[in-house]
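Enquirer: Got a predicted structure plus its sequence, pasted below:
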Amino acid sequence: MLVARRKMILLRVGLTGGIASGKSSLAKLLSERGIPVIDSDTIARVLVAPGSEVLPEIARALGAEVVAPDGGLDRKRVGQIVFADDAKRKALEKILHPRIMAEQDRWLNRIEEAGESPVAVVEAALMIESGGSKRFDLVVVVNCGEAQQIERFMERAGVDEAAARARIEAQMPLSEKVKLADRVVDNSGSLPDLAAEAESLVRWLRERAKK
């Protein structure tokens, strides 16, 4: 007698944190340890690629100057505009966030249907601010000190301390995100330290997936 295979219930995990807190580094470490991970910034890049249906809508909301010479989105110019104009930031989020969340859900559903993994992780910087974190079974927040954030962002973006501090302070404080986390990952140390945190997190997630 054939016995129908029970459908696997996927543990859906949201991964977030602040600017330069180490979200992407942790996501890479999780992926290397066999956990499927999708980066919401990658989804956004596909959505705004040259010829996409979203691009004209963004240009109408922010101005034609955000379209780069190659026909794609000038992400640096967009960053400058939305950082300086809260109304335009909200307009951009209204356009992109629902589409990004829809793509996240499609990806998660594919993994669940295929029985590919008992756990899958979605990385997104504004997951809590957008309300998208409520769609996940667990939320993991990557935490580090503000001084480390500033130093890392200065190095990554090539900006001075004042600019880095302004960008970080424009977002929800990490201390507030930590309060809403099911698990906090400390990234105040070295990369090997973060790798150890990733190992611990993978064990914890796999145990939760069994329940």
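Expert: Arrived safely. Everything quoted here is computed from the prediction, not taken from an experiment.
Enquirer: Strands of the protein, start to end?
Expert: Along the chain, counting by DSSP state E, strands occupy 11-17, 37-39, 119-123, 138-143, 183-186.
Enquirer: out of those, which comes closest to residue 28?
Expert: Of all the strands of the chain, strand 37-39 sits nearest to residue 28, with 7.9 Å by C-beta to C-beta. For the C-beta atoms, the positions are set from N, CA and C on the backbone; glycine is no exception.
Enquirer: Which strands and helices lie in contact with the closest one?
Expert: On a contact count with 3 or more C-beta pairs under 8 Å, 6 or more residues apart in numbering; DSSP states H and E, strand 37-39 meets helix 23-32, strand 119-123.
Enquirer: Tabulate the strands of the chain in JSON lines, adding columns for distance to residue 53, mean pLDDT and mean neighbour count.
Expert: Converted to JSON lines, the strands of the chain look like this (distance: least, C-beta to C-beta, whole Å; pLDDT from 0 to 100; neighbours: other C-beta atoms under 10 Å):
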{"stretch": "strand 11-17", "distance to residue 53": "27", "mean pLDDT": "97", "mean neighbour count": "25"}
{"stretch": "strand 37-39", "distance to residue 53": "21", "mean pLDDT": "97", "mean neighbour count": "20"}
{"stretch": "strand 119-123", "distance to residue 53": "23", "mean pLDDT": "98", "mean neighbour count": "25"}
{"stretch": "strand 138-143", "distance to residue 53": "31", "mean pLDDT": "98", "mean neighbour count": "22"}
{"stretch": "strand 183-186", "distance to residue 53": "36", "mean pLDDT": "98", "mean neighbour count": "17"}
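Enquirer: is it possible to export the ones you listed to TSV including distance to residue 106?
Expert: What follows is the strands of the chain, written out as TSV (distance: least, C-beta to C-beta, whole Å):
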stretch	distance to residue 106
strand 11-17	13
strand 37-39	10
strand 119-123	11
strand 138-143	20
strand 183-186	25
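Enquirer: taking the mean pLDDT, what do you get for the longest helix anywhere in the chain?
Expert: The residue-count maximum for a helix in the chain (DSSP state H) belongs to helix 86-114. For helix 86-114, the mean per-residue pLDDT is 95.
Enquirer: chain center to that helix: distance?
Expert: Averaging C-alpha positions (C-alpha atoms, centre = their mean, to the nearest Å) puts helix 86-114 11 Å from its chain's average.
Enquirer: Does anything pack onto that helix? Which helices or strands?
Expert: Checking 3+ C-beta pairs under 8 Å, 6+ apart, helix 86-114 ends up next to helix 40-47, helix 54-62, helix 75-84, strand 119-123.
Enquirer: which of the ones you listed sits most buried?
Expert: Ranked by mean neighbour count, the helices and strands packed on helix 86-114 are led by strand 119-123 with a mean of 25 (mean count of other C-beta atoms under 10 Å).
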